[in-house]
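[1] Structure of the sequence below:
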Amino acid sequence: MTILPITEFAILPELEASRIVPRTAPRRKADIRTDASWVRRVVISIAVIFLGIFIVLPLVCVFALAFSKGVETYFAALRDPDTLAAVRLTLLVAAISVASNVGFGVVAAWAITKFEFRGKNLLITLIDLPFSVSPVIAGLVFILLFGLQGYFGPWLVAHGYKIIFALPGIALATIFVTFPFVIRELVPLMQQQGTEEEEAALSLGASGRRTFFWVTLPNVRWALLYGVLLCNARAMGEFGAVSVVSGHVRGETNTMPLHIEALYDGYQVAAAFAVASLLALLALVTLVLKIVLEARLAQE
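    Numbering: from 1, shown residues only. You can find the predicted model right below:
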């Protein structure tokens, strides 16, 4: 057996290859959080200044003008019969809208996430319709349907049903502009959870009703409450659609936003901002509850 000598010519290709392709350390992934400190300060300052000018400053102005003529004038404006009627109507319409949207939202979210059927994409598209249609146009549609010159208006009036310029019309307009909020909170969560738990409950002998109330509903309770919160806030602050169908009758069909407009147009500036401050307080309470619910949702 002949052993070939190892010469420098045998190891030359390997040495050349190691020189051609040198080993390098892996490049670190860029992280925006490692930017210079002055960049972070500038970005944060712009965000804070923007929020201060467009959110905090208007709220401060609302409360400052509300108390501009003293505390007695402020509470006198809140005790006014027309103001109390507007508050009651606003709360009633918000309650009707929330109850209707909770029922419809849970059913629609269940259908979208648990079943496959024809027209599913169309249903999802229609749910987003109020986000793309102006509330004023929605109000005009209800006028066209239920007004005295509308398609169903003459028949309804002849049988003693008043829709437009009354509570039913205000409630319908508010329901239309608020119904996506509950569904849009439930659908992503229910899609993420899937159907395994419901199938397990059904396989163990639970009925569909018990499965819904003991399995599905507890799993989505915080998302449902979050949707209710957003729906309620939108219902209380709705102006465009309600303005078209309400008729602006003081003490009867004026909600709080419409009553604020009526007071301001009547040069009762302090009273208008007093009622506006009440809406602002409701918005702040809604914001606090929103933060709490977001924290609970993050924990689940």
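[2] CA atoms for contacts and neighbours, from now on please.
    Fine.
[3] helix or strand for residue 144, which one?
    helix 135-146 (DSSP states H and E).
[4] In the top helix by length along the chain, which residues have enough neighbours to count as buried?
    Using DSSP state H to define each element, the chain has its longest helix at helix 81-114. Across helix 81-114, burial judged by 16 or more other C-alpha atoms under 10 Å covers 82-102, 104-106, 108-110, 112-113.
[5] Which is the succeeding secondary structure element to the helix or strand of the chain with the lowest mean pLDDT?
    Least confident helix or strand, the chain: helix 8-20 with a mean of 47, by mean pLDDT, DSSP states H and E. Per DSSP H and E, the first helix or strand lying C-terminal to helix 8-20 is helix 37-51.
[6] Okay, now the unreliable bits of the protein?
    Residue ranges of the chain with pLDDT under 70: 1-35, 297, 300.
[7] about what we covered before: and the helix or strand that the helix holding residue 144 is followed by, what other elements does it pack with?
    Helices and strands here follow DSSP H and E; after helix 135-146, the next one along the chain is helix 153-158. Contacts defined by 3 or more C-alpha pairs under 8 Å, 6 or more residues apart in numbering; DSSP states H and E place helix 153-158 against helix 135-146.
[8] what's the spacing between the helix it packs on and its chain's center?
    Remark: helix 135-146 is offset 22 Å from the chain centroid, using C-alpha atoms, centre = their mean, to the nearest Å.
[9] Can you point out the buried residues in that helix?
    Of the residues in helix 135-146, 135, 136, 138, 139, 140, 141, 142, 143, 144, 145, 146 count as buried by neighbour count, 16+ other C-alpha under 10 Å.
[10] Now flag whichever of those residues is closest to residue 261.
    Residue 261 lies nearest to residue 136 out of the buried residues of helix 135-146, by C-alpha to C-alpha, at 16.0 Å.
[11] thought that closest one was touching residue 241?
    Yes - shown here, residue 136 and residue 241 form a contact pair, counting by C-alpha atoms under 8 Å, at 4.7 Å.
[12] residue contacts, the residue nearest to residue 261 when sequence neighbours are not counted?
    Using C-alpha to C-alpha, 6 or more residues apart in numbering and skipping residues adjacent in sequence, the residue nearest residue 261 is residue 272, 7.3 Å away. Listed by C-alpha atoms under 8 Å, 6 or more residues apart in numbering, the contact partners of residue 272 are 66, 259, 260, 261, 263, 264.
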